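S.K.: kindly generate the corresponding structure for this input.
(one chain, ligands or ions: 2)
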Amino acid sequence: MALIIRVGPAREQWWLEHMRSLLPDIDCRLWNDPGDVSEIDIAVVWKPPAGGLKRFPNLRAIVSIGAGIDHVLADPDLPKNVPIIRTTGGDLKIRMREYVVLHVLRLHRRLPEIESAQRRQEWLQIVSPPAYQRRIGLMGLGDLGADCGRALAGLGFDVAGWSRRPKVIEGIKSFVGQDGLGAFLERTEILVCLLPLTPLTEGILNADLFARLPRGASIINAARGGHLVDNHLLSALDAGQIASATLDVFQIEPLPENHPFWAHPRVLVTPHVASLIDPVTGGQAIAANVRRFLAGEPVPDLVDLTQGY
Ligand code: NAP
Ligand code: GLV
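M.R.: Ligands and ions are numbered 1, 2, ... in the order given. As a prediction, this is how the structure comes out:
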């Protein structure tokens, strides 16, 4: 039984040792030193290069080191009919919850204006409306979106969510599909994107969507850079339709040094850190899924490839 690991070069050796300690019965190997490729049963990957996975003719499962699987599906030569398992878990949720609550509160309490007033030594007293008057809209009410929604509702915000199927979650108004999108956007002052990147959601944060938000709304994109049409956002910021954007994910990562987002006064750039996988607990979640899969037990993180996320 053999497993191949592909992570960024920075912690490759660390991950190898970690997975070996968690899965002592499995021969864990590194992507660039696979040995006999026909022996590889499981590939544990983040952003595998195109064509890389088809090297393994007997692959039984692909494990995404992360909740999103778009980086795996992006491979045009992805081996067909190999199950994909994503990585979820408590830590990933906690981190995303912290990120979303942090940035919603930052915008709700207009912290950027207070910080810039400090630089001018200006005593700027802003009275923000109470949370129950602030309407938050979460695009995506899955593992992460629903959890963030509950946390925001717990702080008293007026929270709505948009998903493919209806949801019954205490404190969250549910809007569904294309039919529900207009009403969802009309009521949303702070929009948080936590959708998976699929052909249906690619480029969804575009000029048309911005125009359907109330003037002066803000957006937080913690999902994928491919959701956002960058130049549409820049135009909407210039026009005042969108007041500000908090962006954790980008079309190209790291964000190229000449990209206008870096220096834009109303864009906050964070370097894909909203919920980075914790190698210790993330590795444990991956090992648990690998064990379940190999034992033929149900794997809750197994992706339904017919829906694509
Ligand atoms: P998930 O559990 O699969 O939930 C996805 C949600 O999006 C579901 O509510 C789903 O609706 C909804 N959805 C999917 N396609 C839709 C469509 N066409 N129209 C309307 N709603 C749609 O995913 P998750 O675990 O919450 O993660 C979401 C994404 O966050 C990941 O795919 C990843 O890209 C991103 N992420 C980013 C970071 C970071 O550090 N920035 C970390 C982790 C994850 P249904 O509920 O009706 O199926
Ligand atoms: C991170 O972006 C993830 O998909 O877990």
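
S.K.: for the stretch 51-200 of the chain, which residues are neighbours of ligand 1?
M.R.: By the rule C-beta under 6 Å from any ligand atom, the part of the stretch 51-200 of the chain lying against ligand 1 is 66-68, 88, 92, 96, 140-145, 162-165, 194-198, 200. To be clear about C-beta, it is placed using only N, CA and C from the backbone, and glycine gets the same treatment.

S.K.: which parts of the stretch 201-309 of the chain sit against ligand 2?
M.R.: Residues of the stretch 201-309 of the chain lying near ligand 2 (C-beta under 6 Å from any ligand atom): residue 277.

S.K.: which ones are touching the residue lying closest to residue 282 once chain neighbours are set aside?
M.R.: For residue 282, ignoring the flanking residues on the chain, the nearest one in space by C-beta to C-beta, 6 or more residues apart in numbering is residue 87 at 5.9 Å. Applying C-beta atoms under 8 Å, 6 or more residues apart in numbering to residue 87 gives the contacts 63-67, 277, 282, 285-286, 289, 301.

S.K.: with respect to ligand 1, which of those residues is nearest?
M.R.: Comparing the contacts of residue 87 against ligand 1 with C-beta to the nearest ligand atom places residue 67 closest, at 3.8 Å.

S.K.: can you tell me the element that closest one falls in?
M.R.: Using DSSP states H and E, residue 67 sits in no helix or strand.

S.K.: go on, residue 127?
M.R.: Per DSSP H and E, there is no helix or strand for residue 127.

S.K.: what is the burial count for it?
M.R.: 6 (other C-beta atoms under 10 Å).

S.K.: could you check how far it is from residue 110?
M.R.: 10 Å (C-beta to C-beta, to the nearest Å).

S.K.: quick check: ChimeraX command selecting the buried ones in the residues of the stretch 51-200 of the chain next to ligand 1.
M.R.: To isolate the buried ones among these in ChimeraX, judged by 16 or more other C-beta atoms under 10 Å, type:
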select :66,67,68,88,92,96,140,141,142,143,144,145,162,163,194,195,196,197,198
